[in-house]
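Trainee: quick one, what's the 3D model for this:
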Amino acid sequence: MKISKMWKAVVAAVVAGAGTLSTALADDTITAAEGWAAGLAVLAALGFTWAVPNRQPDPSSSTVKGV
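Mentor: Numbers count the residues shown, from 1 in each chain. Just a heads-up that it's a prediction; the model follows:
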């Protein structure tokens, strides 16, 4: 299965934002600072996931023997 680089970044951003907002909702309110923190977490996740390339598989270490 091949997942494009874009979708990995989107999933990472959603997870980072949801995690930050779930922590912010512990007291049933979201302050401006918590909103900014969630936004920055989303942007950081997008940026880092987009910037780091996938590691190319090593052709000599095939998981299927005899192929």
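Trainee: what residues does the helix or strand encompassing A18 touch?
Mentor: Counting by DSSP states H and E, the element that carries A18 is helix 5-24. The contact list for helix 5-24 (C-beta atoms under 8 Å, 6 or more residues apart in numbering) reads 30-31, 34-35, 37-39, 41-46, 48-50, 53-54. Yep, even glycine has a C-beta here, placed from its N, CA and C like the rest.
Trainee: any low-confidence regions in the protein?
Mentor: Along the chain, segments meeting pLDDT under 70 span 1-5, 61-67.
Trainee: go ahead and flag the most central residue of it.
Mentor: The centroid of the chain falls nearest to A12 when counting by C-alpha atoms, centre = their mean (1.7 Å).
Trainee: where does L46 sit: helix, strand or coil?
Mentor: Look at L46: counting by DSSP: H, G, I helix; E, B strand; the rest coil, its state is helix.
Trainee: ok, it - contacts?
Mentor: Contacts of L46 by C-beta under 8 Å, 6+ apart are A9, V10, A12, A13.
Trainee: ok, it to V14 distance?
Mentor: From L46 over to V14 the distance is 10 Å, taken as C-beta to C-beta, to the nearest Å.
Trainee: secondary structure element holding G39?
Mentor: Taking DSSP H and E as the criterion, G39 maps to helix 32-51.
Trainee: many thanks, we can stop here.
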